[in-house]
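Novice: Need the 3D shape of this:
(2 chains)
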Amino acid sequence: MDCKQFENNILDYLDGSLAEAEKQRFKAHLQSCASCQAELEAQQKLMTLFGQVPQETPSDRLRDGFLDMLAEEQQAQVVHMAHKKEFPWKTAFQIAASIALVMGGFFLGGLRSGDTSQEQISALQQESKVLKQQMMLALMENRSPSKRIQAVNYTEEIAQPDATLIKALADRLLYDANSNVRLAAAEALGNFKSSQQARAALIEALNTEKDPSLQIELIGILVRLQEKRALEPMKKLLETQETPIYVKEQLNNGITQLI
Amino acid sequence: MKKVSTLIAFLSVCLMAHAQKSYTHSLSGIKKVVVSSNTTMEFKTGNSNELVIGHIETKDGHQHHDHNDDQIDERAKGLTPIYAGGNDNTNGFGFSVEKEGDVLKVKDLKSFMQRSGLRFTLPKGIDLSIDTGNLGSADVNGFDSDIEVNSNVGGVVLTNVTGPITARTSTGNIEVVFTEVNQTSPISLRSSTGAVDVSLPANTKANLELKSTMGNVFTDFDVKYQQEEGMKVVGANRKIDTQINGGGVLIKLSSSVGNVYLRKK
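Specialist: Below is the predicted model:
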């Protein structure tokens, strides 16, 4: 088994769905190759992160509180039955007070433990989000353009991108040596309709991009966003002599849709 | 005595000519080879862990020679050729070969006028990044590694490959025949005015993004459309998003002016 096959088998191995013979060969290769060990570790880490965030479960305190309350309630019932004939105001107050106390404690406890577990969950979510983003940003620097496109496409899963992420995508769009990566970045930025930073990067790219097919994509995206500020670079591009005729066609088309 | 010296001179000329027929470089510790040249390039798989650069054979079995190989320039005697693009460290073969970490950068220093086709032989698992300059073209056969090709006018033909593949041409066509499709990371093939023609095994799992801004998209795969709600800006986005065999790795094919063809193999 070489490193290539190994890489293809990693996910199956982690799933446990690898056939026995394959698994043996996989392990044999793992022992002999340090870079594959690192790869496996990284994948494992990623899988764990992507795994479910733990479900919120009520704490023990909550259950204890409830059982206490139940016991009190039972006792109260018994007491109540015993003194049926004359209404015992004093006991009633005591019971009411204790019930109030237990209930109060119960709700307070529930509220507080809810708060803390909620905090823990959001902290975990935050942490996994940060880690996920870090891995994504690292992958965007990978030397394989295919991997960089993959990283750019991962951002589609993010609803609320922060400035760092948009900046990373804008860098891909403006400076990546491979135009397929630049295209993927343009499309990803086009999805973040409400981000001014993303729009600015797309307009900037229309000013600098020399690849005709990417120019066409950028025009398409900016028209879809109804971005009026794109009119100026579009007109400039239309007046540039080197712009191919088929790009000019798209420019004319786009300009009429924006005005 | 004169005869002997003539013989020695003749032999040394033969040896020089022989030295220029191919160049070999070890690939131990190398994972990726980056090649740039302006000529017709063929990439074949070989069994040894080395890079061999040679000339493309013609049909009658003879090798093409570089145009000025046969002429021995008397004036250049005792001098070495130097190039604008860098230092020739390949025994007069006209390449600059540099190792950077686990990447080997192979740069053709001669112009397309001086070349008439090169053949590169490499092990099948090595990652490739190919730049064909302005007029060069690339024909790659049998690699199961990560391949990147950037071309301007020349065509790109990739046969018996698995991906991941990133290819881009301005006017040249892109033709790719997959033996299977590596599911680890996306495949992206784009041309501005050329055609993009791809053959996949019929059972390939993939998410497809097919687009031709001004041309047509053709396929014999069973493509289902997702109808979107509401009206769209006319002509703003003509992308076809669909899945085959339940979905899988992203395969993105696009041409601005040319057609896109996706075939079952």
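
Novice: Not counting the helix or strand that contains A:Gln150 itself, show me its contacts.
Specialist: In the assignment (DSSP states H and E), A:Gln150 maps to helix A:145-154. By Cβ atoms under 8 Å, 6 or more residues apart in numbering or on different chains, the surrounding residues in contact with helix A:145-154 are A:136-137, A:139-142, A:169, A:172, A:176, A:178, A:180-181, A:184-185, A:188, B:146, B:148, B:163-166, B:185-188, B:250. (C-beta placed from N, C-alpha, C; glycine too.)

Novice: Please name the nearest non-neighbouring residue to A:Leu206.
Specialist: The shortest distance from A:Leu206 to any non-neighbouring residue, by Cβ to Cβ, 6 or more residues apart in numbering or on different chains, is to A:Pro233 (4.4 Å).

Novice: Would you confirm that B:Thr242 contacts B:Val223?
Specialist: Yes: using Cβ atoms under 8 Å, B:Thr242 makes contact with B:Val223 at a distance of 4.9 Å.

Novice: Give me the common contacts of the two.
Specialist: Common contacts of B:Thr242 and B:Val223 (Cβ under 8 Å, 6+ apart): B:Leu208.

Novice: Could you check which of these two is surrounded by more residues?
Specialist: The residue with more neighbours, out of B:Thr242 and B:Val223, is B:Thr242; 18 against 15, by other Cβ atoms under 10 Å in any protein chain shown.

Novice: From chain A, how far off is B:Asn141?
Specialist: 17 Å (Cβ to the nearest Cβ, to the nearest Å).

Novice: hey, what's that residue bridged with?
Specialist: Applying DSSP bridges to B:Asn141 gives these bridge partners: B:Thr159.

Novice: Near it, how many other residues are there?
Specialist: With other Cβ under 10 Å as criterion, B:Asn141 counts 15.

Novice: what's the next secondary structure element after the helix or strand containing A:Gln74?
Specialist: Using DSSP H and E, A:Gln74 maps to helix A:60-82. Next along the chain after helix A:60-82, taking DSSP H and E as the criterion, comes helix A:89-139.

Novice: That next one and chain B, are they touching?
Specialist: No: figure legend: helix A:89-139 not in contact with chain B (Cβ under 8 Å from any Cβ of the partner chain); closest approach 9.3 Å.

Novice: from chain B, which residue is nearest to chain A?
Specialist: Going by Cβ to the nearest Cβ, chain A is nearest to B:Pro164 of chain B, at 3.4 Å.

Novice: what about that residue, how many residues close to it?
Specialist: 26.

Novice: how about it, what does it touch?
Specialist: By Cβ under 8 Å, 6+ apart, the neighbours of B:Pro164 are A:144, A:146-147, B:146-147, B:182, B:184-187.

Novice: Let me see the contact set for A:Asp2.
Specialist: By Cβ under 8 Å, 6+ apart, A:Asp2 lies in contact with A:29, B:125.

Novice: In contact with the residue most central in space within chain A, which residues?
Specialist: By Cα atoms, centre = their mean, the mean C-alpha position of chain A lies nearest to A:Ile158, the distance being 4.8 Å. For A:Ile158, the contact set (Cβ under 8 Å, 6+ apart) comprises A:Leu165.

Novice: Against A:Gly254, how distant is it?
Specialist: A:Ile158 sits 28 Å away from A:Gly254, going by Cβ to Cβ, to the nearest Å.

Novice: one step back: now do the same for the residue nearest to A:Leu206: helix, strand or coil?
Specialist: Of the three states, A:Pro233 takes helix under DSSP: H, G, I helix; E, B strand; the rest coil.

Novice: Local confidence estimate at it?
Specialist: We have a pLDDT of 89 for A:Pro233.

Novice: circling back: among the contacts of B:Pro164, which are in helices?
Specialist: Among these, the members found in helices (DSSP state H) are A:146-147.

Novice: In JSON lines, list the contacts of B:Pro164 along with neighbour count and distance to B:Gly29.
Specialist: Below are the contacts of B:Pro164 laid out as JSON lines (neighbours: other Cβ atoms under 10 Å in any protein chain shown; distance: Cβ to Cβ, whole Å):
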{"residue": "A:Ser144", "neighbour count": "21", "distance to B:Gly29": "18"}
{"residue": "A:Ser146", "neighbour count": "26", "distance to B:Gly29": "23"}
{"residue": "A:Lys147", "neighbour count": "20", "distance to B:Gly29": "21"}
{"residue": "B:Asp146", "neighbour count": "26", "distance to B:Gly29": "17"}
{"residue": "B:Ile147", "neighbour count": "28", "distance to B:Gly29": "20"}
{"residue": "B:Asn182", "neighbour count": "20", "distance to B:Gly29": "24"}
{"residue": "B:Thr184", "neighbour count": "18", "distance to B:Gly29": "23"}
{"residue": "B:Ser185", "neighbour count": "24", "distance to B:Gly29": "24"}
{"residue": "B:Pro186", "neighbour count": "25", "distance to B:Gly29": "28"}
{"residue": "B:Ile187", "neighbour count": "27", "distance to B:Gly29": "28"}
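
Novice: Alright, calling it a day.
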